[in-house]
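Undergrad: Okay, predicted coordinates and the sequence, questions at the end:
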4 protein chains.
Amino acid sequence: MFYIPVILGTVRRNRESSKVAKFALDCLQEFDRVKTELLDLKEMDLPMMEERLRFRDDAPASVIAFSETVKQADAIVIVTPEYNGSYPGVLKNAMEYLKDEYRRKPFGIITVSAADTGGILCLSALRQMVLYLGGVPIPASLLVSRVRESFDSQGKPADPGMAKRAKVFFDELLWFTEAFSTQKKKDSSTG
Amino acid sequence: MFYIPVILGTVRRNRESSKVAKFALDCLQEFDRVKTELLDLKEMDLPMMEERLRFRDDAPASVIAFSETVKQADAIVIVTPEYNGSYPGVLKNAMEYLKDEYRRKPFGIITVSAADTGGILCLSALRQMVLYLGGVPIPASLLVSRVRESFDSQGKPADPGMAKRAKVFFDELLWFTEAFSTQKKKDSSTG
Amino acid sequence: MFYIPVILGTVRRNRESSKVAKFALDCLQEFDRVKTELLDLKEMDLPMMEERLRFRDDAPASVIAFSETVKQADAIVIVTPEYNGSYPGVLKNAMEYLKDEYRRKPFGIITVSAADTGGILCLSALRQMVLYLGGVPIPASLLVSRVRESFDSQGKPADPGMAKRAKVFFDELLWFTEAFSTQKKKDSSTG
Amino acid sequence: MFYIPVILGTVRRNRESSKVAKFALDCLQEFDRVKTELLDLKEMDLPMMEERLRFRDDAPASVIAFSETVKQADAIVIVTPEYNGSYPGVLKNAMEYLKDEYRRKPFGIITVSAADTGGILCLSALRQMVLYLGGVPIPASLLVSRVRESFDSQGKPADPGMAKRAKVFFDELLWFTEAFSTQKKKDSSTG
């Protein structure tokens, strides 16, 4: 059983990405061997990062809970809009609290845009950050363009092609999740 | 007279970049025709960005003040540490509130690092964001490596070479500031 | 009179970007005060860069000619397809020969893609390189998506919106070209 | 047994990176289960990319040989200098010929610089390209600063710390190589 939470990387009013996050949760639940959950930055309400968790002895409970969740994850999905050619500040702020929690974990990144470019600059920036933090962005991508029209409020995609593209994306994520999990078990058995 | 405020892009406890911000203010004050001021994100205490300023009718006073300041600026200096190969979330969050305020303004970016790489990945990421927002990052850079040892608490650099490099950097910033100001005046006189 | 050559950044067989380069030349010729010219990497046929021009005393004539042209330019337009999320190797190779020739010159970058993303990752990568080399990428962009259908063989755009977007883009390029030229004249008169 | 070739990404005269490539080959040969080999772009002498290999029926023998080698590789090491804040054009040009050959293969990237920043911008740019091509850059990095002094002509590092850092880097590369190989075997046995 793999635990793969979905981080929703925006706290914007009327954010459209929440529909895509719902869709991602649905996709993950199709896999028998996956347990998933939404990590909504709006509900988590992490304060501005004054110091990384491992250097604090007065950390907010919300940050500790975030750390525990990421620690337990076998892989992580991020659903995020692109703001000004990159990730939202609120998402970067959240990611900054942790480090070792990300180590050798595959990241599936789904970017969302109101325009035609599907948030590809945000994908690019997030991949850099994930690698820097010790995680592994998978080469597969899932770009969502014109999000307003492309998903209904329940997270159902208007375009049937989206479900197909999502299948390829999540299969790829599972491939890496399984590869890394197997290798980690081998490590601990020989350790 | 040019107004060139200095944004300090971190709210971290014991942040070392504040020494570099002091240094930047000193450098700018050497120019007779420059008026400067510190915009400290810690004091400004902007909330997580729920919507851009131009789409809000309930904006916090701090955000409105930030907008007014940037609007009046002829150029902008950013002093910021590099976190995880990019800019701090808190800085991205602040920048996201505005857009037209940045238009055709030169940005001088000073990046700060505890390591040897001088925050060059942060420089690279900030340049992208600035261009995306309509501002113009100048080609000159001022990288600060091993900040702990390289500046004292008053913002005096330990290495005399730093003052020289800073001179080249700020002269270049002024060159662009003057070029754009002259052109804007021409626009308004023919407008 | 401003001299603004157009670099075509690909040597691919059946390259579609040459249609966009034609369009760019047409747009520039609309300005009375602009002289333009195509710099086609295919015709220039620069060898793989073994050493930068300024360190060679056995430089190929084609490289010397390229240097002379860029030196005379008041601004530079690049028209290039995106390959694998970045610029073509052949374009990077050409740019590497020079450095001071680019200093304080505005770059208008037009990216071309067969897909929907308009080559925006290539734009992003080129902007970084231009800044690194001392040039100034303008904040305006001109993205060409689905190039096969969007331009005819004479370089006429299928979508009338493209001409409008191009007008904004080239006006912006001229604004920067004029701003920098004025400032350079001031420099030399006070020098 | 894993086959992990080392690509040397420059054809510059007097290139210093060749010393680092020697060092990388030595490091890989320390592993009993690794077979390695140098792929020197200078010797390979690939022409400017006019079309990707899979779309050509008149491909040069050198390109076909490159494809075969990468196809057989279990992982790939790239040793490359940074030119103008990115990878050399000649390296990008070589990479562009192929695509499926890179799929799900770990890439260990070693960047080389004459300056203090260790080629970190080149690392960043290469990671993006590798992901785009379907490969997987490992999160570990090996930056070589001030290459002229830091390696002798036989590829022996001056700083003993380098050997330690290299050990961590190559162990990490082997971890991913083994993880992916195991998973691929599982695929083919259930296929």
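TA: Happy to help now that I have it.
Undergrad: What residues does chain A have near chain B?
TA: Listed as neighbours of chain B in chain A under the rule C-beta under 8 Å from any C-beta of the partner chain: A:11-13, A:48-51, A:83-96, A:121, A:125, A:128-129, A:131-133. To be clear about C-beta, it is placed using only N, CA and C from the backbone, and glycine gets the same treatment.
Undergrad: Could you find the closest non-adjacent residue to residue A:144?
TA: residue A:112 (4.5 Å; C-beta to C-beta, 6 or more residues apart in numbering or on different chains).
Undergrad: What residues are bridge-paired with the one you found?
TA: Taking DSSP bridges as the rule, residue A:112 bridges to residue A:81, residue A:144.
Undergrad: Now do the contacts for it.
TA: Neighbour list for residue A:112: A:16, A:17, A:20, A:79, A:80, A:81, A:82, A:118, A:119, A:144, A:147 [criterion: C-beta atoms under 8 Å, 6 or more residues apart in numbering or on different chains].
Undergrad: okay, the angle between the helix ranked longest in chain A and helix D:160-190?
TA: The residue-count maximum for a helix in chain A (DSSP state H) belongs to helix A:160-190. Interaxial angle of helix A:160-190 relative to helix D:160-190 (axes from the mean of the first three to the mean of the last three C-alpha atoms, to 10 degrees): 120 degrees.
Undergrad: quick check, helix A:160-190 touching chain C?
TA: No. Using C-beta under 8 Å from any C-beta, helix A:160-190 never reaches chain C; the gap is at least 12.8 Å.
Undergrad: is chain D contacted by that helix?
TA: Yes. Using C-beta under 8 Å from any C-beta, we find that helix A:160-190 touches chain D at A:175, A:178, A:179, A:180, A:182, A:183, A:186.
Undergrad: Select only the buried ones of the residues you listed in ChimeraX?
TA: In ChimeraX, this line selects whichever of the residues of helix A:160-190 next to chain D come out buried by 16 or more other C-beta atoms under 10 Å in any protein chain shown:
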select /A:175,178,179,180,183
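Undergrad: from the residues of helix A:160-190 next to chain D, which is closest to chain B?
TA: Distances from chain B to these, taken as C-beta to the nearest C-beta, are shortest for residue A:180 (20.8 Å).
Undergrad: and that closest one, what does it touch?
TA: A:74, A:75, A:104, A:105, A:106, A:136, D:179.
Undergrad: Among these, which lie within helices?
TA: residue D:179.
Undergrad: wait, doesn't residue A:2 sit right on residue A:177?
TA: Yes. Using C-beta atoms under 8 Å, residue A:2 is in contact with residue A:177, at 5.3 Å.
Undergrad: Among the two, which residue is more densely surrounded?
TA: residue A:177 (26 against 17; other C-beta atoms under 10 Å in any protein chain shown).
Undergrad: Show me where chain A has its helices.
TA: A:17-29, A:41-44, A:61-72, A:89-96, A:120-132, A:147-150, A:160-190.
Undergrad: The longest one versus helix A:17-29: what angle between them?
TA: If I follow you right, that is helix A:160-190. If you take the same axes, to 10 degrees, helix A:160-190 sits at 60 degrees to helix A:17-29.
Undergrad: Quick one: distance of helix A:160-190 to the chain centre.
TA: Chain-centre distance of helix A:160-190: 14 Å, with C-alpha atoms, centre = their mean, to the nearest Å.
Undergrad: Could you check that helix and say which residues are buried?
TA: A:162, A:165-166, A:169-170, A:172-181, A:183.
Undergrad: Next: the third one.
TA: By neighbour count, with 16+ other C-beta under 10 Å as the criterion, the buried positions of helix A:61-72 are A:63, A:66, A:67, A:69, A:70.
Undergrad: Residues contacting that helix, please?
TA: With C-beta under 8 Å, 6+ apart, helix A:61-72 has contacts from A:3, A:5, A:37, A:39, A:44-46, A:53, A:76, A:94, A:97-98, A:101-102.
Undergrad: among those, which are in strands?
TA: A:3, A:39, A:76 (DSSP state E).
Undergrad: So the second one sits against residue A:6, correct?
TA: Yes. With contact defined as C-beta under 8 Å, residue A:39 and residue A:6 form a contacting pair (6.6 Å).
Undergrad: Between these two, point out the one with more neighbours.
TA: The neighbour comparison of residue A:39 against residue A:6 (other C-beta under 10 Å) goes to residue A:6, with 24 against 21.
Undergrad: Residue A:97: what's it in contact with?
TA: A:46, A:49, A:52, A:53, A:63, A:66, A:67.
Undergrad: Skipping its backbone neighbours, what lies nearest residue A:2 in space?
TA: Nearest non-adjacent residue to residue A:2, counting by C-beta to C-beta, 6+ apart: residue A:74, 4.2 Å away.
Undergrad: if I pick the one you found, what's in contact with it?
TA: So residue A:74 contacts A:2, A:3, A:4, A:105, A:177, A:180, A:181 (C-beta under 8 Å, 6+ apart).
Undergrad: roughly how far apart are the residue nearest to the fifth one when sequence neighbours are not counted and residue C:4?
TA: Looking back up the chat, that one is residue A:177. Closest residue to residue A:177 apart from its sequence neighbours, by C-beta to C-beta, 6+ apart: residue A:75 at 4.2 Å. Distance, residue A:75 to residue C:4, by C-beta to C-beta, to the nearest Å: 49 Å.
Undergrad: how much space between the residue nearest to residue A:97 when sequence neighbours are not counted and residue C:88?
TA: Using C-beta to C-beta, 6+ apart and skipping the chain neighbours, the partner closest in space to residue A:97 is residue A:53 (4.9 Å). Counting by C-beta to C-beta, the gap from residue A:53 to residue C:88 is 43 Å.
Undergrad: which of the two has more neighbours?
TA: Neighbour count, other C-beta under 10 Å: between residue A:53 and residue C:88, residue C:88 has more, with 27 against 18.
Undergrad: Ramachandran angles for that one?
TA: phi -60, psi 150 (degrees, to the nearest 10).
Undergrad: Pull up the residues of chain A that are close to chain D.
TA: Within chain A, the residues that sit near chain D (C-beta under 8 Å from any C-beta) are A:103-104, A:124, A:127-128, A:131-139, A:175, A:178-180, A:182-183, A:186.
Undergrad: let's see it at 10 Å
TA: Contact residues (C-beta under 10 Å from any C-beta of the partner chain) of chain A with chain D: A:102-104, A:106, A:123-125, A:127-128, A:130-141, A:172, A:175-184, A:186-187.
Undergrad: Roughly how far does residue A:3 sit from chain C?
TA: 31 Å (C-beta to the nearest C-beta, to the nearest Å).
Undergrad: in chain A, which residue is closest to the centre?
TA: The centroid of chain A falls nearest to residue A:78 when counting by C-alpha atoms, centre = their mean (1.7 Å).
Undergrad: Give me the pLDDT value at that residue.
TA: pLDDT for residue A:78: 98.
Undergrad: ditto for the one 4 residues further on
TA: Turning to residue A:82, the model gives it a pLDDT of 97.
Undergrad: quick one, what contacts it?
TA: When contacts are counted by C-beta atoms under 10 Å, 6 or more residues apart in numbering or on different chains, residue A:82 is found next to A:17, A:88, A:111-115, A:117-126, A:143, B:132.
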